[in-house]
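Enquirer: give me a 3D structure for the following:
(one chain, ligands or ions: 1)
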Amino acid sequence: MTAHTKKESTIKTGGKTASEHAGKLFDVYPINNINIVKAKDSYVWDENGVQYLDMYGGHAVISIGHTHPRWVKRIEDQLHQIAFYSNSIKIPIQQELADKLARVSGKENYQLFLCNSGAEANENALKLASFQTGRKKIVAFKKAFHGRTSLAVASTDNPSIVAPVNETDNIVFLPYNDEAALKEYMQLHGDEVAAIIIESIQGVGGITVATESFLQLIRRLCDANGAVFIADEVQCGYGRTGQFFATDVAGINADIYTMAKGMGNGFPIGGILIAPHLKPKHGMLGTTFGGNHLACAAALAVLEVIDDENLLDRAKNRGTYLINRLKTIEGITNVRGRGLMIGFDVPEQLKDLRKNLLQTYNIFTGEAKPNVIRLLPALTINRKQIDEFLDVLKEAIEELKQPEMEAGAQVKKDD
Ligand SMILES: Cc1ncc(COP(=O)(O)O)c(C=O)c1O
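Expert: Below is the predicted model of the structure:
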């Protein structure tokens, strides 16, 4: 079956229905009833052979395309050598990764600490900032999402996912892009602030782009107050915007960059890049699995492909094309973003658009509540696939408008 045809799909695992299983999954995800069994570049296929176009990149994770041959080979080769040994020994592939990352990101003298996820990256970054400054206060921004571990979730602006034990007065949420509010806060409390943490483009918050002058102000205020500038690049970084880090657009350097999603193209790995003036101490940070051989092999393959296939330029060009074409489509509004991190608003009349794109036309997109569609495709997406998406989007919008147009026509007839 090809893409964009209607289909019915049910999940069956091992020939059993969910109620026949003895074990139960902890039911925290509102899942789509789709079982993806195969993936290649920007397409995935379900168990019935139905093809889907992935404009969501499995939540911004797929950077170099699903199952890229170079990535598969690197992991496969590594698996036959050694998959894991603890951080108590030399792991030269970590150094190889640090070298390649320094070259591709341009952050030449930064130090790399490896972990396993975005939340962990932010947790370690915030902890390091506190160790470094001896301070407790963190400035975060409204609608921020930094993950679900202790400090990461405390600096996430969503009380519904903050457990009572994670509640703390140490985090303050200021309005995003509000220079006056940030200046005022830092004037009063700057000497207590360990770090300012920001997503240069908010993802979960709905694709809100920081102004360059806001990022530059953060840099100046961190310098003036001895605070650490943490750029959460977990979603917006790793080439997605056409620059390696989204913060690069402002022509400044953060003190710590946190990374995860695109870093392993689906193999779990996270990390933080730490400016040279932040000094390590044995035991200060640590992890069992972080930086294991297999994860480093996956991450190296990603950087090699980003480099060899010129994916930063491609993300920039394809993104500009996609954004410009989206701006011409009637019905959707406020198209925004940079490179391949794009959002647009969907009016009430089209509230089923995302659901229809998936269920009727077999296209995965992301969302941000209440009414934003997020596009986070692989950086390898090509023009043909983008056009395919745009054609379907127009058709899906027309289809949703239809009942209203018909109702309008009916009113006229009845008059
Ligand atoms: C900006 C940002 N930071 C941190 C995280 C947390 O990453 P993880 O789910 O890998 O812990 C996310 C995840 O969506 C994110 O978008």
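
Enquirer: okay, the residue of the chain found nearest the ligand: pLDDT?
Expert: Nearest to the ligand in the chain, going by CB to the nearest ligand atom, is Gly118, at a distance of 2.2 Å. Placement of C-beta: from N, CA and C, glycine included. If you check Gly118, the pLDDT there is 98.

Enquirer: give me the residues contacting the host helix or strand of Gly319.
Expert: Following DSSP states H and E, one finds Gly319 within helix 311-326. Helix 311-326 has contacts (CB atoms under 8 Å, 6 or more residues apart in numbering) with 63-64, 239-244, 305-306, 332, 335-342, 344, 375, 379-383, 386, 389-390, 393.

Enquirer: in helices only, show me the residues you listed.
Expert: Among these, DSSP state H puts Val305, Ile306, Arg383, Ile386, Phe389, Leu390, Leu393 in helices.

Enquirer: just the CA atoms of the helix holding Gly319, as CSV, please.
Expert: C-alpha atoms of helix 311-326 as CSV (Å, rounded to 0.1, in the frame of the first residue of the first chain):
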residue,chain,number,x,y,z
LEU,A,311,23.2,18.8,6.2
LEU,A,312,23.4,22.2,7.9
ASP,A,313,23.0,23.9,4.5
ARG,A,314,20.4,21.5,3.5
ALA,A,315,18.4,22.1,6.6
LYS,A,316,18.6,25.8,6.0
ASN,A,317,17.6,25.7,2.4
ARG,A,318,14.9,23.1,2.6
GLY,A,319,13.6,24.9,5.7
THR,A,320,13.4,28.2,4.0
TYR,A,321,11.6,26.7,1.1
LEU,A,322,9.1,24.9,3.3
ILE,A,323,8.5,28.0,5.5
ASN,A,324,7.9,30.2,2.4
ARG,A,325,5.5,27.7,0.8
LEU,A,326,3.6,27.3,4.1
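
Enquirer: now do the buried residues in that helix.
Expert: Leu311, Leu312, Arg314, Ala315, Lys316, Arg318, Gly319, Leu322, Ile323, Arg325, Leu326 (16 or more other CB atoms under 10 Å).

Enquirer: stretch 258-277 now?
Expert: Buried residues in stretch 258-277, counted by 16+ other CB under 10 Å: 258-275.

Enquirer: which residues does the closest residue to Ile397 other than its chain neighbours contact?
Expert: Computed as CB to CB, 6 or more residues apart in numbering, the closest residue to Ile397 that is not its neighbour in sequence is Gly331, at 4.4 Å. Residues near Gly331 by CB under 8 Å, 6+ apart: Pro347, Gln349, Leu350, Ile397, Lys401.

Enquirer: thinking again about what came up before, TSV for the ones in helices among the contacts of helix 311-326, including neighbour count?
Expert: TSV is the format used below for the ones in helices among the contacts of helix 311-326 (neighbours: other CB atoms under 10 Å):
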residue	neighbour count
Val305	22
Ile306	25
Arg383	11
Ile386	22
Phe389	24
Leu390	16
Leu393	24
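
Enquirer: including distance to Leu112 and pLDDT, could those go into TSV?
Expert: Formatted as TSV, the ones in helices among the contacts of helix 311-326 follow (distance: CB to CB, whole Å; pLDDT from 0 to 100):
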residue	distance to Leu112	pLDDT
Val305	19	98
Ile306	16	98
Arg383	35	98
Ile386	33	98
Phe389	35	98
Leu390	39	98
Leu393	39	98
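
Enquirer: from the residues you listed, which is closest to Ala368?
Expert: Of all the ones in helices among the contacts of helix 311-326, Ala368 sits closest to Leu393, with 17.1 Å by CB to CB.

Enquirer: surely the closest one meets Leu357?
Expert: Yes: between Leu393 and Leu357 there is a contact under CB atoms under 8 Å: 7.1 Å.

Enquirer: what helix or strand is Asn122 on?
Expert: Using DSSP H and E, Asn122 falls in helix 118-133.

Enquirer: again, but for Ser86
Expert: Using DSSP H and E, Ser86 maps to neither a helix nor a strand.

Enquirer: look up how far Asn124 lies from it.
Expert: Taking CB to CB, to the nearest Å as the measure, Ser86 falls 18 Å from Asn124.

Enquirer: between these two, which is the more surrounded one?
Expert: It is Asn124, of Ser86 and Asn124, that has more neighbours when counted by other CB atoms under 10 Å, with 27 against 11.

Enquirer: tell me the mean pLDDT over the one helix or strand Ile373 maps to?
Expert: Using DSSP H and E, Ile373 sits within strand 372-375. Mean pLDDT, computed over strand 372-375, is 98.

Enquirer: how far does it sit from its chain's centre?
Expert: Computed by CA atoms, centre = their mean, to the nearest Å, the chain-centroid distance of strand 372-375 equals 12 Å.

Enquirer: hmm, it in reach of the ligand?
Expert: No: Strand 372-375 is not in contact with the ligand by CB under 6 Å from any ligand atom; minimum separation 10.5 Å.

Enquirer: which secondary structure elements does that strand contact?
Expert: If you count contacts as 3 or more CB pairs under 8 Å, 6 or more residues apart in numbering; DSSP states H and E, strand 372-375 packs onto strand 341-345, strand 366-368.

Enquirer: redo those as JSON lines? Include mean neighbour count, distance to Met186 and mean pLDDT.
Expert: JSON lines is the format used below for the helices and strands packed on strand 372-375 (neighbours: other CB atoms under 10 Å; distance: least, CB to CB, whole Å; pLDDT from 0 to 100):
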{"stretch": "strand 341-345", "mean neighbour count": "23", "distance to Met186": "28", "mean pLDDT": "98"}
{"stretch": "strand 366-368", "mean neighbour count": "19", "distance to Met186": "28", "mean pLDDT": "95"}
